[in-house]
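**Student:** Sharing a sequence plus its predicted fold:
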Amino acid sequence: QVQLAESGGGLVQAGGSLRLSCAASGRPFSNYAMAWFRQAPGKDREFVAAISWNGGSTYYADSVKGRFTISRDNARNRMVLQMNNLKPEDTAAHYCAAVHSSRRIRVDISSEYDYWGQGTQVTVSS
């Protein structure tokens, strides 16, 4: 089992920044590919960004490219999502997810991931 815990959400004005963290425990962090998803009220969970087990490959939704940066620190069992130039449409609960790196998956499909955190709320005011 892998346990994931997000932190860093909050309320920010449009154009501002937030830094989300996902702390992992339970299994060797470097064995897992990681991702961020988000879900706004009344909407489906949507892909935000993903990162390979060693950080060598990153993937972003078109809606966040150029504004968000995903990274990981395997020595500290942590993944980070730096969010800049936030927009009201970024308002959502943000979740980190993990899947064993041996699996070949579609990184933007939430059902591919086996482990999820409880989420952290991001609210962007206009």
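**Tutor:** Good, I have the coordinates.
**Student:** Identify the residues contacting the residue nearest in space to the middle of the chain.
**Tutor:** Taking Cα atoms, centre = their mean, the centroid of the chain lies closest to Trp36, which sits 2.0 Å from it. Neighbouring residues of Trp36 by Cβ atoms under 8 Å, 6 or more residues apart in numbering: 20, 22, 48-50, 70, 79, 81, 94-97. Yep, even glycine has a C-beta here, placed from its N, CA and C like the rest.
**Student:** quick one: which of the residues you listed sit in strands?
**Tutor:** Using DSSP state E, the members of these that fall within strands are 20, 22, 48-50, 70, 79, 81, 94-97.
**Student:** Redo these as a markdown table? Include distance to Thr123 and pLDDT.
**Tutor:** Compiled in a markdown table, the ones in strands among the contacts of Trp36 are given as follows (distance: Cβ to Cβ, whole Å; pLDDT from 0 to 100):
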| residue | distance to Thr123 | pLDDT |
| --- | --- | --- |
| Leu20 | 13 | 98 |
| Cys22 | 19 | 98 |
| Val48 | 16 | 98 |
| Ala49 | 19 | 98 |
| Ala50 | 23 | 98 |
| Ile70 | 21 | 98 |
| Met79 | 21 | 98 |
| Leu81 | 15 | 98 |
| His94 | 11 | 98 |
| Tyr95 | 15 | 98 |
| Cys96 | 18 | 98 |
| Ala97 | 21 | 98 |
